[in-house]
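Student: I would like the atomic coordinates for the input below:
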Amino acid sequence: MNSSVSFGSKFVSVLVPVPVGKDETFTYLAPEDVKIGERVRVGFGKREVIGYIVGESSAREGAKSITYRIDSEPVITRDVIELTKYMANELFVPWYRCMEAAVPSGLKLAVKGAKPRFKRVLSIKGSIESAEIKTAGEERALSCIKIIAGHPETFGITDIMRKLEVSRNFVEKLIKKDVLVISEQQIQRNPFSKLDLIKKDVMPDLTQEQKRAVEEIRDADGKIVLVWGVTGSGKTEIYLRAISEVIEKGKGAIVLVPEISLTPQTVDRFRARLGDKIAVLHSSLSSGERLDEWMRLRDGRARVAVGPRSALFAPIDNLGIIVIDEAHEATYKQNETPRYNAIKIAEKRAKFLNIPLVLGTATPTCEQYYKNISAGEPIIELPSRVTACALPDTKIVDMRQELAEGHTSIFSRMLIREIKKALQNREQIILFLNRRGHASFVLCRACGESIKCPRCAVSLTVHLSERRNQKRVPELICHICNHRVAHPSKCPSCGSHLIKAFGAGTEKIEEEVHRIFPSARAIRMDADTTAKKDSHRKILETFIAGEKDILIGTQMIGKGLDLSRVTLVGIIAADSSLHLPDFRAEERTFQQIVQVVGRAGRAEKKGLAIIQTYVPSHPAVAFAAEQNVKKFIEYELKRRKASNMPPFTRLLQWTFESEIEEAAVNGARELSKELQTFPGEILGPAPAPLEKLRGRFRWQVRLVIESNTNIELFSKKLNSISYSKRKDLRVLLDIDPLDLM
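Tutor: Numbering: from 1, shown residues only. This next block holds a predicted model:
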């Protein structure tokens with residue numbers, strides 16, 4: 001609408017984006033037709049700010065009028081407004097920060113300039129007879145009119161000039177004679193117009209297990225349904241059937257995927273079934289694409305939002321179901337303020353609207369499983385694949401034994417044999433290592449120091465960077481702050497030349513594949529090769545088309561991909577994340593192995609997964625090799641209970657950051673003293689596992705409280721805490737943290 005306002009006829013409550021303490025909403029006068037959920041420009045003090053209308057208000061003497069209406073219709077629904085208010089109370093952050101998290105950056109058109117795009121198109125107004133065009137041009141004019149009549153609102157002046165090889169003057173003459181008229185048509189930017197991973201959709205017959213799942217979801221209003229199915233068990237088909245039923249009732253749906261990397265194949269599957277009812281929302285889209293997709297949902301032209309955690313706030317009226325795929329993924333928790341967990345917030349939105357929330361995964365977290373069991377919420381098990389193909393065989397290789405027998409390659413002898421066999425049979429292979437780069441670190445064998453980032457307490461990773469002469473030269477890169485230096489010839493600490501790169505990343509795996517299997521066609525998929533737009537899609541298309549034999553990658557290759565020609569999976573270092581200082585490290589290792597193993601043998605030929613490890617008897621590795629989720633969860637719940645960790649407790653984590661180490665230490669110590677009167681167990685103060693990031697020292701304090709503690713009721717006590725408020729100290733509070741580093 002973008003209109004100025006000179007008067008007001010009703011009072012509204014406007015949420016303003018300024019840190020003003022407890023009062024975040026203010027009363028303004030607005031036109032009678034203004035709606036809750038619109039954005040408006042208002043005077044605030046001596047400046048103007050953009051706020052959100054969050055409700056109606058009682059009369060207030062001296063209230064200002066809003067100065068400008070940005071929207072003609074609400075950009076955010078009433079239930080999402082309530083949701084953001086709940087988030088603010090639950091997470092101890094300003095309400096406006098939660099509101100801003102709910103609105104995609106592409107929608108901030110008033111301040112960022114991302115606006116709808118229009119094109120000028122031709123349509124028929126009069127007739128050729130009324131134009132009184134001389135005979136010489138009549139035939140071309142008739143041709144022009146026929147083309148436009150057959151394709152209304154498609155052709156512009158340039159299109160007609162090119163199609164009929166006529167001049168601009170000729171077309172403009174038809175316009176002047178009132179035969180044609182120019183109008184504006186909005187251009188719909190389609191972020192997935194080139195996506196073509198699945199060419200046509202075939203609706204398969206459901207198995208009895210799938211039918212039972214769809215029926216359970218149909219009757220699960222207000223419930224959390226955990227769909228726990230092995231890889232290849234047909235969870236996506238269950239989502240599609242449940243969503244189709246919802247759409248037939250005139251309702252909408254939200255489908256969350258763990259991150260951008262999962263979107264291409266998932267979206268194509270949904271688009272093949274549901275067509276233009278799908279709108280995609282994620283951060284790699286341009287501002288204009290996000291704006292168009294959001295508006296399609298708001299206007300009801302699209303009824304299904306697909307995307308990562310931010311898609312949870314999509315403006316869908318009459319929402320009927322929320323689906324969260326790969327629900328075990330930690331990426332559903334936002335690591336910046338507001339630090340919300342999309343699964344927990346989705347639970348709240350589903351409860352508000354009394355609709356089903358479906359959590360789908362092959363590897364449920366202990367917390368998800370325990371919560372559903374304790375609350376009596378439905379758990380649907382899908383123990384078999386939908387095809388006749390069984391789960392892949394798995395073999396564990398003890399890399400200690402390989403080393404003891406003189407085999408020092410990063411590929412075990414068994415893996416080398418099986419790769420050769422698969423290549424001979426023209427089958428495809430996935431090699432997984434959750435570490436990008438060429439080498440993990442550079443170590444001086446004289447003084448024992450590794451080369452670290454000067455701004456972060458982490459070792460620099462070796463990458464082979466391309467230069468103009470096509471020669472690949474080693475470069476050291478920090479994976480946190482992107483600090484880069486050339487690979488030194490001597491140790492920066494002691495000057496010794498006895499420095500050597502240790503460990504391996506995906507670049508090294510690719511190099512070894514080319515060395516050992518020179519005729520193999522390999523392609524790598526990690527954060528480095530998928531940085532450009534559409535690069536992830538192009539890599540997948542190349543592999544699916546059979547143009548490559550081996551796909552080498554990090555965790556993104558284990559997330560929901562259905563690659564039918566893959567018969568062999570090699571997990572290079574299954575225990576690489578097992579020993580991190582995080583109580584969830586074992587669970588994440590287990591999940592990662594099971595997910596990657598599940599990429600093998602999803603078609604006619606039985607698959608094989610080879611798991612290389614230095615701890616073959618560890619429960620996380622052994623149960624993953626058996627693909628026995630239930631046994632692992634039983635083991636993990638016992639371990640968590642013994643150590644007093646979630647789901648049997650809740651965690652609150654404060655992180656103190658400062659460029660001055662003493663400030664971070666003192667802040668953490670002051671808080672620890674304040675917490676002495678709180679119920680629960682205090683852990684710390686202690687340096688964070690990543691003690692220094694981007695030039696800031698980090699100290700942590702954790703409070704372990706009972707699992708049934710209501711955080712909102714706890715808020716008054718938390719708000720009474722006082723500690724150093726010096727300007728060079730940043731304090732981050734994380735409720736139920738998933739990242740302890």
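Student: from now on I want contacts and neighbour counts done on CA atoms only, so please keep to that.
Tutor: Will do.
Student: what comes into contact with stretch 457-465?
Tutor: 437-442, 450-453, 472-479, 487, 501, 507, 690-693 (CA atoms under 8 Å, 6 or more residues apart in numbering).
Student: report how many residues lie close to residue 493.
Tutor: Applying other CA atoms under 10 Å, we find 12 residues neighbouring residue 493.
Student: chain neighbours aside, what residue packs nearest to it?
Tutor: Once flanking residues are discounted, residue 493 sits nearest to residue 449: 7.3 Å by CA to CA, 6 or more residues apart in numbering.
Student: the one you found reaches residue 492, doesn't it?
Tutor: No - Residue 449 is beyond contact range of residue 492, at 9.2 Å (criterion: CA atoms under 8 Å).
Student: got the buried residues for stretch 348-361?
Tutor: By 16 or more other CA atoms under 10 Å, the buried positions in stretch 348-361 come out as 348-351, 354-361.
Student: so where is the stretch 401-550 of the chain shaky, pLDDT-wise?
Tutor: Residue ranges of the stretch 401-550 of the chain with pLDDT under 70: 466-471.
Student: repeat that for 80
Tutor: 465-472, 531, 533-534, 537 (pLDDT under 80).
Student: please, where are all the helices along the stretch 301-450 of the chain?
Tutor: 342-353, 366-375, 399-404, 413-424 (DSSP state H, counting those that start in this stretch).
Student: give me the neighbour count for the closest residue to residue 104 other than its chain neighbours.
Tutor: Nearest non-adjacent residue to residue 104, counting by CA to CA, 6+ apart: residue 290, 7.2 Å away. Using other CA under 10 Å, residue 290 is surrounded by 25 other residues.
Student: buried stuff in the helix or strand in which residue 510 is found?
Tutor: Residue 510 belongs to helix 506-516 when assigned by DSSP states H and E. Neighbour counts over helix 506-516 (16+ other CA under 10 Å) mark 506-510, 513 as buried.
Student: also stretch 82-100?
Tutor: Going by neighbour count (16+ other CA under 10 Å), the buried part of stretch 82-100 is 82-88, 90-99.
Student: how close does residue 463 get to residue 325?
Tutor: 33 Å (CA to CA, to the nearest Å).
Student: I misspoke; the intended subject was residue 95.
Tutor: On the measure of CA to CA, residue 95 and residue 325 end up 28 Å apart.
Student: next: residue 485.
Tutor: From residue 485 to residue 325 the distance is 39 Å (CA to CA).
Student: okay, the two: which has more neighbours?
Tutor: Each of residue 485 and residue 325 has its neighbours counted (other CA under 10 Å); residue 325 has more, 25 against 14.
Student: tell me, what residue is most central in the protein?
Tutor: residue 259 (2.5 Å; CA atoms, centre = their mean).
Student: looks like it contacts residue 311 (just checking).
Tutor: No - with contact defined as CA under 8 Å, residue 259 does not reach residue 311; the gap is 10.9 Å.
Student: what's in contact with whichever strand or helix holds residue 101?
Tutor: Using DSSP H and E, residue 101 falls within helix 95-102. Residues outside helix 95-102 that contact it (CA under 8 Å, 6+ apart): 15-18, 24, 80-81, 84-85, 87-88, 310, 313, 337-338.
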